[in-house]
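Participant: here are the coordinates; sequence isn't available:
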């Protein structure tokens, strides 16, 4: 399993969430298996999204698509995105 983690500041969560829910890249079509949205308790104007994939190539394809989206919305919906693809090496439920 591979995770694409994306994080960035946002000016307004409701506007960002509306844009996220509009799904401009088609997450299902891009083979996203599951995603999580996280917001720090001490900073509601920041989000981190973890998206899970079966292959690193699928994660890279979504990241490429997201870079095109970011180029259109940088400064309005979000700013300064950071992204990283990681391999999940262990998960344990306690």
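Facilitator: Yes, it's here. As the structure is a prediction and not an experimental result, all values here were calculated from the model.
Participant: what residues does the stretch of helix or strand residue 15 belongs to touch?
Facilitator: Element membership for residue 15 (DSSP states H and E) is helix 13-21. Under the contact criterion CB atoms under 8 Å, 6 or more residues apart in numbering, helix 13-21 has outside partners 10, 37, 39, 44-45, 47, 49, 73, 77-78. C-beta here means a position set from N, CA and C on the backbone, and glycine is covered the same way.
Participant: next one: it to chain centre, how far?
Facilitator: In terms of CA atoms, centre = their mean, to the nearest Å, the centre of helix 13-21 is found 12 Å from the chain centre.
Participant: Same question for stretch 78-86.
Facilitator: Offset of stretch 78-86 from its chain centre (CA atoms, centre = their mean): 8 Å.
Participant: before we move on, what about stretch 16-36?
Facilitator: The chain centroid and the centroid of stretch 16-36 are separated by 8 Å, computed with CA atoms, centre = their mean.
Participant: And it, what's buried?
Facilitator: By 16 or more other CB atoms under 10 Å, the buried positions in stretch 16-36 come out as 16, 19-20, 27, 30-32.
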